[in-house]
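Visitor: mind looking at a prediction? Sequence and model below.
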Amino acid sequence: MIIEVFSADEMKRLGEKIGRLLKKGETIELVGDVGAGKTTLTKGLAMGLGIDDTVQSPSFTISQNYRARDGLYLSHYDFYRLNDAGIMSAELAEVMEDPFTVVVIEWAGTVKDVLADNRWKIEISAISEDGRRVLLPDEIGELL
């Protein structure tokens, strides 16, 4: 399913809709260029998961963790600055096994060997200065 959004607020609302669907420790890979809206979508996912904390890009900290609704957690990873994820690969593999943790990964190329086969891959591309085309996997599109 392809959805076009034309503002950061629309991207957050889309993320919030998806976040409301999350129930059991899903893994989501976000793909897009710098500034595409990956972290903005993650902020919306967090809203849909009932997270009140301010969600920030983990570009410098590599990961951020948040307590969510229904006993869930959100673990947000950003591997943009890493050429080799090293021990972070092992941590990510362990976190993806936790049925109570929703995992969101940006710049997953350095950890592709440990990514779950059943992950949801969301691709975001710019179509104008503010416009974005969001390609959602069928599993999400059917639920929206």
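Guide: Good, I have the coordinates.
Visitor: every contact and neighbour count from this point should use C-alpha atoms.
Guide: Will do.
Visitor: what about residue 99, which SS state?
Guide: The local conformation at residue 99, judged by DSSP: H, G, I helix; E, B strand; the rest coil, is coil.
Visitor: show the contacting residues for residue 118.
Guide: With contact taken as Cα atoms under 8 Å, 6 or more residues apart in numbering, residue 118 is in contact with residue 27.
Visitor: quick one: it and residue 142, what's the gap?
Guide: Per Cα to Cα, to the nearest Å, residue 118 is found 16 Å from residue 142.
Visitor: list the buried ones in the lengthiest helix in the chain?
Guide: Criterion DSSP state H: the longest helix present in the chain is helix 8-21. Across helix 8-21, burial judged by 16 or more other Cα atoms under 10 Å covers 8, 10, 11, 12, 13, 14, 15, 16, 17, 18, 19, 20.
Visitor: how about stretch 20-39?
Guide: Buried, per 16+ other Cα under 10 Å, within stretch 20-39: 20, 22-23, 25-32, 36-39.
Visitor: can you give me the helices in this protein?
Guide: Using DSSP H, helices in the chain cover 8-21, 38-48, 87-96, 138-141.
Visitor: on that earlier part again, now tell me which of the buried residues of stretch 20-39 the prediction trusts least.
Guide: pLDDT across the buried residues of stretch 20-39 is lowest for residue 25, at 88.
Visitor: that one is in contact with residue 95, isn't it?
Guide: No. Taking contacts as Cα atoms under 8 Å, residue 25 lies outside contact range of residue 95: 9.2 Å.
Visitor: shared neighbours, the two?
Guide: Common neighbours of residue 25 and residue 95 (criterion: Cα under 8 Å, 6+ apart): 101, 103.
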